[in-house]
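1. After the sequence you'll find the predicted model.
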Amino acid sequence: MIHAPMGAPGGRRIAQFVTFWLLEEPAWALGAVLLALPILGLRLKGRVAEGESYVETRALVETGIYAVVRHPQYLGWMVMYGPLVLSSPIGRWR
């Protein structure tokens, strides 16, 4: 890991860079998965007719990602943007 005093020139930029790659990048990847899985799950398990949108299900899906969380796309957005807000200058508590 890169260490630089916060008072040193560029220290804050290095800390932001490290925060981005250690916290935000994995959160964006996990969030993207949580956004894509429901589309696949609803299409496969929800008995969607050929040519219709994935939200036009004909069965309640209770397996896969829906066995864990009822609204995985909402969770995906929170996972993606939570670390971004917390690491921004406005979201810092110091």
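-> Great, that's in hand. All values derive from a computational prediction rather than experimental measurement.

2. what residue ranges in this protein score low on pLDDT?
-> Low-confidence segments of the chain (pLDDT under 70): 1-21, 87-94.

3. mind listing the helices for it?
-> Ranges of helices in the chain, per DSSP state H, are 11-19, 25-45, 72-87.

4. what's the closest of those helices to E56?
-> Smallest distance to E56 across these (Cβ to Cβ): 9.0 Å, for helix 25-45. C-beta here means a position set from N, CA and C on the backbone, and glycine is covered the same way.

5. Buried residues, the closest one. List them.
-> Buried residues in helix 25-45, counted by 16 or more other Cβ atoms under 10 Å: A27, W28, G31, L34, L35, L37, P38, G41, L42, R43, K45.

6. from these, which is closest to V61?
-> Nearest member of the buried residues of helix 25-45 to V61, counting by Cβ to Cβ, is K45, at 4.6 Å.

7. quick one: contacts for the closest one?
-> By Cβ atoms under 8 Å, 6 or more residues apart in numbering, the residues touching K45 are A59, V61, T63, G64.

8. now do the same end-to-end measure for stretch 66-77.
-> Taking Cα to Cα, to the nearest Å as the measure, stretch 66-77 stretches 16 Å from start to finish.

9. Would you convert the helices of the chain into JSON lines that also reports distance to Y54?
-> Shown next, in JSON lines, are the helices of the chain (distance: least, Cβ to Cβ, whole Å):
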{"stretch": "helix 11-19", "distance to Y54": "35"}
{"stretch": "helix 25-45", "distance to Y54": "5"}
{"stretch": "helix 72-87", "distance to Y54": "11"}
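
10. so which of these comes closest to S53?
-> The nearest among those, by Cβ to Cβ, is helix 25-45 at 9.2 Å.

11. For the closest one, list the C-alpha coordinates in PDB.
-> Extracted in PDB, the C-alpha atoms of helix 25-45 (Å, rounded to 0.1, in the frame of the first residue of the first chain):
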ATOM      1  CA  GLU A  25     -14.100  -0.500  -7.400                       C
ATOM      2  CA  PRO A  26     -15.200  -3.800  -5.700                       C
ATOM      3  CA  ALA A  27     -18.500  -2.200  -4.700                       C
ATOM      4  CA  TRP A  28     -19.200  -1.200  -8.300                       C
ATOM      5  CA  ALA A  29     -18.400  -4.700  -9.500                       C
ATOM      6  CA  LEU A  30     -20.700  -6.300  -6.900                       C
ATOM      7  CA  GLY A  31     -23.400  -3.700  -7.600                       C
ATOM      8  CA  ALA A  32     -23.200  -4.500 -11.400                       C
ATOM      9  CA  VAL A  33     -23.700  -8.200 -10.600                       C
ATOM     10  CA  LEU A  34     -26.700  -7.400  -8.400                       C
ATOM     11  CA  LEU A  35     -28.200  -5.300 -11.200                       C
ATOM     12  CA  ALA A  36     -27.700  -8.000 -13.800                       C
ATOM     13  CA  LEU A  37     -28.700 -11.100 -11.900                       C
ATOM     14  CA  PRO A  38     -32.400 -10.200 -11.500                       C
ATOM     15  CA  ILE A  39     -32.900  -9.700 -15.200                       C
ATOM     16  CA  LEU A  40     -31.500 -13.200 -15.800                       C
ATOM     17  CA  GLY A  41     -33.400 -14.800 -12.900                       C
ATOM     18  CA  LEU A  42     -36.700 -13.200 -13.800                       C
ATOM     19  CA  ARG A  43     -36.400 -14.200 -17.500                       C
ATOM     20  CA  LEU A  44     -35.500 -17.800 -16.700                       C
ATOM     21  CA  LYS A  45     -37.700 -18.600 -13.600                       C
END
